[in-house]
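*Asks:* A structural model of the following input is requested.
(chains A and B)
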Amino acid sequence: MLDVALVSLIQDMSEKAGVEGTIQYWARVGESLAKRMGKEAYMGWPSFNVALREGRTAFSIEGDVSALTDLAITDVDGDVVGYIYALKVCVFDPTIDRIRYSVGSLPSADRAVAEEYNNSVRNTAVCNFCVIHQRFREEVAKNIVIADQPLDCLQLANRGYTGETKIAEDSLRRISIDPEYVRSLLRNYACVYAILMKGARLRGEEAE
Amino acid sequence: MKASQRKALKDDNPFVDVAAYLFLEDIADKQGASGMNNYLVSLATSLANSMPAEEYDTWDQFVDSLQKGESIITTFETIIMATSNCVVTTECPFEKGWQEYTKRIGSFSKIHYEVAEYYNATVKPGASDSQCIIHQTFRKAAAERIKVGGKVLRYAQVAAVSPGSNKTVAPDEWLPILLAKSGISHTMLNMILRNNACVWILYTE
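*Replies:* Reported below is the predicted structural model:
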């Protein structure tokens, strides 16, 4: 019930404070949630990927996340500095279904918030909830170290409940992944992102 | 597909639930308990107002819809009827979100209890925490959208046990009247509260 009520609040808040205000609130909540979940440290990528599979990392709150270990991200020296991860079901999906059954349709603020975010922040949102959980992942990455190295999180691609997709081509270029390959991942996953060592010298960046 | 089957199909995502609590806490940081209370009341009212209105010819038809979870007032919860007017919510619909919060973040922030004190003092006694404010306000606003035999449905809160185990019963001076309307005794109320989350009544005038 809380999730459905929350969507009413988004509509209410967007009417009162404007969609920009809602984006600011969502971004703050994403930061606050990540901070309150605390810090984590892992010996290396295998131990992080096992923790993720077993639902022990802060990233696991979003649901069933797969580490696509065949998609390692390497730096200019060929060392593995990260992996691509994929969320099976959008965190907002059950809420959207319940709203459609109990209320009838999503409020117009859902679309308005996503569009404003796409225009003013970056073009990666398919619904209002993308604002919070993309920010949440970026903040969570800052709280995790692997082999004493802090992490970065890059949003790569996502698919909304209407089938609309967003592909972050700039981020894909940085990690040298073909956008069409990531698009094909969206047939099986709702959201694809990369977790990598902060400050790694990536091959894609060197090429630029 | 029946509403109860639909509810069983998909659980809330923990991320969405925990984010919702933090969203409310962020509001409270800036506007205090009174501001948070205003938002809780507003969101619950607008949720009920966004749902379709209902009308039933007879009380029996309405109770049947309630029990099946087809009425807007019981869309989000599983209930049993102790009497034809006394509704018992078996599990608080916020319980899962509360459990996710306490599992992943820690103790439930005290602002959720402070806002309930504010609500009890300024609106109506009956809330154990912020979740009760949403739920009770929603029920009141949803009841106003339902007509049974041409009369608007009325709702009154009798008692609630929050996921954190705080029990809140209607004030002593109101309780005999509420129990008379509900058709249960005080002893029966306490028996119900041992195994259930919330007791409330629906009636028409």
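
*Asks:* give the rounded mean pLDDT of the top helix by length along chain B.
*Replies:* The single longest helix within chain B, with elements called by DSSP state H, is helix B:14-49. Averaged over helix B:14-49, pLDDT sits at 90.

*Asks:* buried residues in it?
*Replies:* B:14-28, B:33, B:36-37, B:39-48 (16 or more other C-beta atoms under 10 Å in any protein chain shown). Every residue, glycine included, has its C-beta placed from N, CA and C.

*Asks:* keep those, but drop any that are not near chain A.
*Replies:* Subset of the buried residues of helix B:14-49 in contact with chain A: B:14-23, B:25-27, B:39, B:42-44, B:46-47, counting by C-beta under 8 Å from any C-beta of the partner chain.

*Asks:* ok, residue A:53 touching residue A:67?
*Replies:* Yes. The pair residue A:53 / residue A:67 is scored as a contact, 6.8 Å apart, by C-beta atoms under 8 Å.

*Asks:* those two - which one has more neighbours?
*Replies:* Between residue A:53 and residue A:67, counted using other C-beta atoms under 10 Å in any protein chain shown, the more crowded position is residue A:67 (20 against 14).

*Asks:* can you pull the contacts of that one?
*Replies:* By C-beta atoms under 8 Å, 6 or more residues apart in numbering or on different chains, the contact set of residue A:67 is A:49, A:52, A:53, A:83, A:85.

*Asks:* check which helix or strand it maps to.
*Replies:* Here residue A:67 sits within strand A:65-74, counting by DSSP states H and E.

*Asks:* ok now that strand, how far from the chain's centre?
*Replies:* Distance of strand A:65-74 from the chain centroid (C-alpha atoms, centre = their mean, to the nearest Å) equals 15 Å.

*Asks:* quick one, longest strand in chain B?
*Replies:* What stands out as the longest strand in chain B, according to DSSP state E, is strand B:154-161.

*Asks:* list the helices and strands the helix or strand that that strand is followed by packs on?
*Replies:* Tracing the chain past strand B:154-161, the next element assigned as helix or strand by DSSP H and E is strand B:167-169. Counting contacts by 3 or more C-beta pairs under 8 Å, 6 or more residues apart in numbering or on different chains; DSSP states H and E, strand B:167-169 packs against strand B:154-161.

*Asks:* convert the C-alpha atoms of the strand it packs on to CSV, please.
*Replies:* Output of strand B:154-161 as CSV, limited to C-alpha atoms (Å, rounded to 0.1, in the frame of the first residue of the first chain):
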residue,chain,number,x,y,z
ARG,B,154,-18.9,5.6,7.6
TYR,B,155,-15.7,4.4,9.1
ALA,B,156,-14.4,4.5,12.6
GLN,B,157,-11.1,3.2,14.0
VAL,B,158,-11.3,0.9,17.1
ALA,B,159,-7.7,-0.4,17.7
ALA,B,160,-4.4,-1.1,15.9
VAL,B,161,-1.2,-2.9,16.6
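
*Asks:* now what about that strand, what contacts it?
*Replies:* So strand B:154-161 is contacted by B:73, B:86, B:92, B:124, B:126-128, B:132, B:136, B:139-140, B:142-143, B:167-170, B:175, B:178-179, B:181-182, B:189, B:193, B:196-205 (C-beta under 8 Å, 6+ apart).
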